[in-house]
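Peer 1: Okay, predicted coordinates and the sequence, questions at the end:
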Amino acid sequence: MVVVMAPDATPEDVAHVVERVEAVGGSAFVSQGVDRTIIGLVGDVDSFHGLNLRTLRGVAAVHRISDPYKLVSRQHHPARSTIWVGKPGRQVPVGPATFTFIAGPCAVETPEQTLEAATMAKAAGASLLRGGAYKPRTSPYAFQGLGRRGLDILAAVGEATGLPIVTEVVDARDVAEVAEQADMLQIGTRNMANFGLLQAVGESGKPVLLKRGMTATIEEWLMAAEYVAQRGNLDIVLCERGIRTFEPATRNTLDISAVPVVQATSHLPIIVDPSHASGRKDLVVPLSRAAIAVGADGIIVDVHPDPEVALCDGPQALHGTDLRALAQAVRQIPPLLGRGPAEAATAAPSG
């Protein structure tokens, strides 16, 4: 069950609802959005009905949600959400009205490499900068990222280019430190089911980019998003990055159908990662075109000034002709579908 508070509801109104729910043995999880507060209820539904919550001051609506994921479902939030990323003065939207292009190096290696990659990304039309300071890898012998030093480099490059930054956090103990520098916290595929980490980023106060687990169903993915939402954070963007199948021609199999399926089920924005889905730079542009055509709210791709010497995922990183082709696709195709570029705004809308 979900309680939707009115826009003018006070903190005291919210606390009163929570108090009533807990008095009958239930649990209440408060999620604060841009223009309203939502309270997810866990417990005996019949007991909640006896509380007559709809009559309480500040309550706008009460919904019984049949989906296992309550807060991220469209059953109580029919309109699709727009998430704003960045500091006041340069916030970038991710949602149904725009198309958001996120690009940057898979891994932060040096200040020079990161700045050059960011400059390339911005010139190609990117409005958010991605870059990995902490890199969870399949092999313990592979480059694991620069850690805090990489985070400092990424933050400095973000300031220099004016691009809000998206970076991965891999350990709940690092969330506060990463949140100090990053504008958006990424949960990678290997951590989609790391529930302690999901709860920690849910409490961070920063938007979250949640990648689909490589063997996760769409329902499992949305339940992972629910862990974040339940801790008070509805600023979640989903990312389809390919799933593991029997096909060895690509690193993963891009589930392009996940985009319309998620959009029919959840109000959260969904973007596509064609770089990690394919593992091949020659497939990034055609898969990006497909993502745009199917209605994705954005893409996130790897770029590198010299992919042949990249410390991480060089074979999928774009530069030169390939990056120019992607820039052309991002510039030309979204307007045909009624979407404009996701440019930075001075402030997020109030409602």
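Peer 2: That came in fine, so what should we check first?
Peer 1: what's the longest helix anywhere in the chain packed up against?
Peer 2: Identified as the longest helix of the chain according to DSSP state H is helix 320-336. With contacts defined as 3 or more C-beta pairs under 8 Å, 6 or more residues apart in numbering; DSSP states H and E, helix 320-336 has these neighbours: strand 98-104, helix 281-294, strand 340-341. C-beta coordinates here come from the backbone N, C-alpha and C atoms, glycine included.
Peer 1: please redo it, this time with the cut-off set to 7 Å
Peer 2: Counting contacts by 3 or more C-beta pairs under 7 Å, 6 or more residues apart in numbering; DSSP states H and E, helix 320-336 packs against helix 281-294.
Peer 1: what's in contact with the longest helix of the chain?
Peer 2: With contacts defined as C-beta atoms under 7 Å, 6 or more residues apart in numbering, helix 320-336 is touched by 99, 101, 120, 124-125, 281, 284-285, 288-289, 292-293, 301, 303, 318.
Peer 1: Any buried residues in that helix, and which?
Peer 2: Across helix 320-336, burial judged by 16 or more other C-beta atoms under 10 Å covers 322-323, 325-327, 329-330, 333-334.
Peer 1: do the same with stretch 79-88
Peer 2: 80-86.
Peer 1: now stretch 165-176
Peer 2: Those would be 165-170, 172, 174-175, for stretch 165-176 by 16+ other C-beta under 10 Å.
Peer 1: Throw those residues into a markdown table and include distance to E308, secondary structure and pLDDT, thanks.
Peer 2: As requested, the buried residues of stretch 165-176 are exported to a markdown table (distance: C-beta to C-beta, whole Å; DSSP: H, G, I helix; E, B strand; the rest coil; pLDDT from 0 to 100):
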| residue | distance to E308 | secondary structure | pLDDT |
| --- | --- | --- | --- |
| I165 | 25 | strand | 97 |
| V166 | 25 | strand | 97 |
| T167 | 24 | strand | 97 |
| E168 | 24 | strand | 96 |
| V169 | 29 | coil | 96 |
| V170 | 27 | coil | 94 |
| A172 | 36 | helix | 95 |
| D174 | 31 | helix | 94 |
| V175 | 34 | helix | 96 |
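Peer 1: next one: phi and psi at the residue positioned nearest the centre of the chain?
Peer 2: Note on the chain: the residue nearest the mean C-alpha position is L209, at 2.1 Å, using C-alpha atoms, centre = their mean. Per-residue torsions, L209: phi -100, psi 110 (degrees, to the nearest 10).
Peer 1: So what would you say the end-to-end distance of stretch 273-281 is?
Peer 2: Terminal residues of stretch 273-281 lie 12 Å apart, using C-alpha to C-alpha, to the nearest Å.
Peer 1: quick one: contacts of that stretch?
Peer 2: 239, 241-242, 250-252, 254, 283-284, 287-288, 291, 299-302, 315-318, 322.
Peer 1: one more time with 6 Å
Peer 2: 239, 241-242, 250-252, 254, 284, 287-288, 300-302, 316, 318, 322 (C-beta atoms under 6 Å, 6 or more residues apart in numbering).
Peer 1: Is it possible to mark the buried ones in those residues?
Peer 2: By 16+ other C-beta under 10 Å, those give 239, 241-242, 251-252, 254, 284, 287-288, 300-302, 316, 318, 322 as buried.
Peer 1: pLDDT wise, what is the residue of the chain most remote from its centre at?
Peer 2: Centroid-distance maximum for the chain: G50 at 37.1 Å, with C-alpha atoms, centre = their mean. G50 carries a pLDDT value of 82.
Peer 1: Quick check: K211 touching C239?
Peer 2: Yes - counting by C-beta atoms under 6 Å, K211 does reach C239; the two are 4.5 Å apart.
Peer 1: Only the buried residues of stretch 70-79, if you could.
Peer 2: 70-77.
Peer 1: nope, stretch 87-100 is what I was after
Peer 2: Neighbour-count burial for stretch 87-100 [16+ other C-beta under 10 Å]: 90-96, 98-100.
Peer 1: and of the residues you listed, the nearest to R36?
Peer 2: Checking the buried residues of stretch 87-100 against R36 by C-beta to C-beta gives G95 as the nearest, at 16.3 Å.
Peer 1: so what's L151 up against?
Peer 2: 133, 181.
Peer 1: Any idea how far apart the tips of stretch 271-281 sit?
Peer 2: 18 Å.
Peer 1: Same check on stretch 27-46?
Peer 2: OK, stretch 27-46 end separation, C-alpha to C-alpha: 14 Å.
Peer 1: Name the helix or strand for V157, please.
Peer 2: helix 148-161 (DSSP states H and E).
Peer 1: tell me the average confidence for that helix?
Peer 2: Here the average pLDDT along helix 148-161 is 95.
Peer 1: If we go by neighbour counts, what in that helix is buried?
Peer 2: So for helix 148-161, counting by 16+ other C-beta under 10 Å, buried means 150-151, 153-155, 157-158, 161.
Peer 1: Using TSV, lay out these together with distance to V309.
Peer 2: Rendered in TSV, the data for those read as follows (distance: C-beta to C-beta, whole Å):
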residue	distance to V309
G150	17
L151	22
I153	17
L154	19
A155	24
V157	19
G158	23
T161	22
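Peer 1: which residues in the stretch 201-350 of the chain form strands?
Peer 2: 208-211, 236-240, 270-272, 298-302, 340-341 (DSSP state E, counting those that start in this stretch).
Peer 1: do the stretch 51-200 of the chain as well
Peer 2: 59-63, 83-85, 92-94, 98-104, 128-130, 165-168, 184-187.
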